[in-house]
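Undergrad: Just a sequence and a predicted model for now, questions to come.
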Amino acid sequence: MAVYTEVSEDEAGALLQALGLGELTSLRGIEGGIENTNYFATSTQGEWVLTLFERLTHAQLPFYLHLMKHLAQHGVPVPEPQAKAAGVRIKAGEDEILHTVCGKPAAVVNRLRGKSELAPGPTHCAAVGDMLARAHLAARGYERRQPNLRGLAWWNETVPVILPHLDESQAALIRAELAYQNHIAASSAYAALPRGAVHADLFRDNVMFEGTAEQPVLSGFFDFYFAGVDTWLFDLAVTLNDWAIDLPTGTTDAARTQALLNAYQAVRPLTDAERRLLPAMLRAGALRFWVSRLWDFHLPREASMLKAHDPTHFERVLRQRVAAPLLA
Ligand SMILES: Nc1ncnc2c1ncn2[C@@H]1O[C@H](COP(=O)(O)OP(=O)(O)OP(=O)(O)O)[C@@H](O)[C@H]1O
Ligand SMILES: N[C@@H](CCO)C(=O)O
């Protein structure tokens, strides 16, 4: 279970009070998720998610939390970080939506309704494409800046650390791909890509649906803690690499790909430069998660990390993205 830090009912209750969210009536650790400690907290005023950040710092967090607040306030369905009530003292390092619990940075957001769809069809993918494009456009007015901390600089730093754990063919692939991505990032076509604050981790388990199997309604998306300023195309590629991939084999699903791309483009058509670089960004998206999964798998933190995701899945996705480039 992803509870690295135990929070008592007294501590959680005191925080809800300070946020003006009523009396705590129940507190339950959330299984699933591998980055942070998460609890469902019910109060007399609603249902909330309390997150204690295990790796991110007080300095890094305002970017994510204020992005969520910005999107929520611009009609994009994301959890809204709750602010301290008037008159509550804001300590050093905190702000009105960034709190401290058990010495760790913490946030409380509203709990989204619905559940994630782990076996999506084209209708789910269309809803995701539409929402992703709207989120990109809505984030244009967001002024805080923070790079994608799992971007190229991190891949360059991390690949040498994981190389000793790879076999020869994997090592050759990862070295070649890293060189290719450094080359792409230095190109003028890449510099021309539109960019902004992006989610950068929009996997199936980070989106909620209500409604029926035939008519699903996207009720929201969450887990913004890998967000950063990056190209919109990279975000779209990360999303396609999860929603439109057949998980057992790593191959592309044509119907889901088209549904997601068409719905995205109905809101925001891709530019020519984006169309040209889509195959390269799909490779970048696969490399990013292959590297992070290898890192989590071979260099786990000491605490109770239970379930590192399977790194070989993204090795398969990367090999397919190299062998069969997707044309938009
Ligand atoms: N705002 C929310 N509304 C409803 N459920 C939520 C919300 N935030 C988190 N959850 C639930 O908590 C679980 C864990 O959250 P999350 O995926 O953000 O974990 P994490 O450890 O922070 O990140 P990661 O998935 O990157 O490991 C989710 O799968 C979801 O069920
Ligand atoms: N989406 C990531 C986990 C971190 O959110 C993965 O599947 O590797």
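TA: In hand now; what should we look at? Ligands and ions are numbered 1, 2, ... in the order given.
Undergrad: of all the residues in the stretch 201-328 of the chain, which ones are close to ligand 1?
TA: Contact residues, the stretch 201-328 of the chain versus ligand 1 (Cβ under 6 Å from any ligand atom): D205, F222, D223, Y225. Glycine gets a C-beta too; all of them are placed from N, C-alpha and C.
Undergrad: Which pLDDT value goes with T251?
TA: pLDDT for T251: 95.
Undergrad: could you measure L21 against V109, distance?
TA: With distances taken as Cβ to Cβ, to the nearest Å, L21 is found 11 Å from V109.
Undergrad: Residues of the stretch 201-328 of the chain that sit close to ligand 2?
TA: Taking Cβ under 6 Å from any ligand atom as the test, the list of the stretch 201-328 of the chain residues beside ligand 2 reads D201, F203, F289, S292, R293, H309.
Undergrad: Please convert the buried members of the residues you listed into ChimeraX selection syntax.
TA: The buried subset of those, as determined by 16 or more other Cβ atoms under 10 Å, is captured in ChimeraX by this line:
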select :201,203,289,292,293
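Undergrad: what number of residues lie near the residue in the stretch 151-300 of the chain positioned nearest to ligand 1?
TA: Nearest residue of the stretch 151-300 of the chain to ligand 1: D223, at 3.6 Å (Cβ to the nearest ligand atom). As a burial measure, D223 scores 21 neighbours (other Cβ atoms under 10 Å).
Undergrad: Can you tell me the SS state at it?
TA: Put simply, D223 is coil when judged by DSSP: H, G, I helix; E, B strand; the rest coil.
Undergrad: can you give me the strands for the stretch 1-150 of the chain?
TA: With DSSP state E, counting those that start in this stretch as the criterion, the stretch 1-150 of the chain has strands at 24-29, 37-43, 46-52, 99-101, 104-110.
Undergrad: Tell me the strands beside the fourth one, with direction?
TA: Strand partners for strand 99-101, identified by DSSP bridges, are recorded as strand 104-110 (antiparallel).
Undergrad: tilt between the partner strand and strand 37-43?
TA: 50 degrees (axes from the mean of the first three to the mean of the last three Cα atoms, to 10 degrees).
Undergrad: So which residues make contact with strand 104-110?
TA: Among residues not part of strand 104-110, those counted as contacts by Cβ atoms under 8 Å, 6 or more residues apart in numbering are 5, 15-16, 19, 21, 37, 41, 46-54, 56-58, 61, 65, 68, 79-82, 93, 97-100, 222.
Undergrad: which neighbours do L21 and V109 share?
TA: W48, Q82.
Undergrad: any chance of the strands of the stretch 1-150 of the chain in a markdown table, plus mean pLDDT?
TA: Converted to a markdown table, the strands of the stretch 1-150 of the chain look like this (pLDDT from 0 to 100):
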| stretch | mean pLDDT |
| --- | --- |
| strand 24-29 | 98 |
| strand 37-43 | 97 |
| strand 46-52 | 97 |
| strand 99-101 | 96 |
| strand 104-110 | 97 |
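Undergrad: E274: which of these is closest?
TA: strand 104-110 (31.4 Å; Cβ to Cβ).
Undergrad: so does that closest one get close to ligand 1?
TA: Yes. Remark: strand 104-110 sits within contact range of ligand 1 at V109, by Cβ under 6 Å from any ligand atom.
Undergrad: Report the angle between that strand and strand 46-52.
TA: Using the same axes, to 10 degrees: strand 104-110 against strand 46-52 is 160 degrees.
Undergrad: Mind exporting the C-alpha coordinates of strand 104-110 to CSV?
TA: What follows is strand 104-110, C-alpha atoms only, in CSV (Å, rounded to 0.1, in the frame of the first residue of the first chain):
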residue,chain,number,x,y,z
LYS,A,104,6.2,16.6,4.8
PRO,A,105,4.7,18.9,2.3
ALA,A,106,1.0,18.1,1.9
ALA,A,107,-2.2,19.0,0.0
VAL,A,108,-5.9,18.4,0.2
VAL,A,109,-8.0,18.2,-2.9
ASN,A,110,-11.6,17.3,-3.6
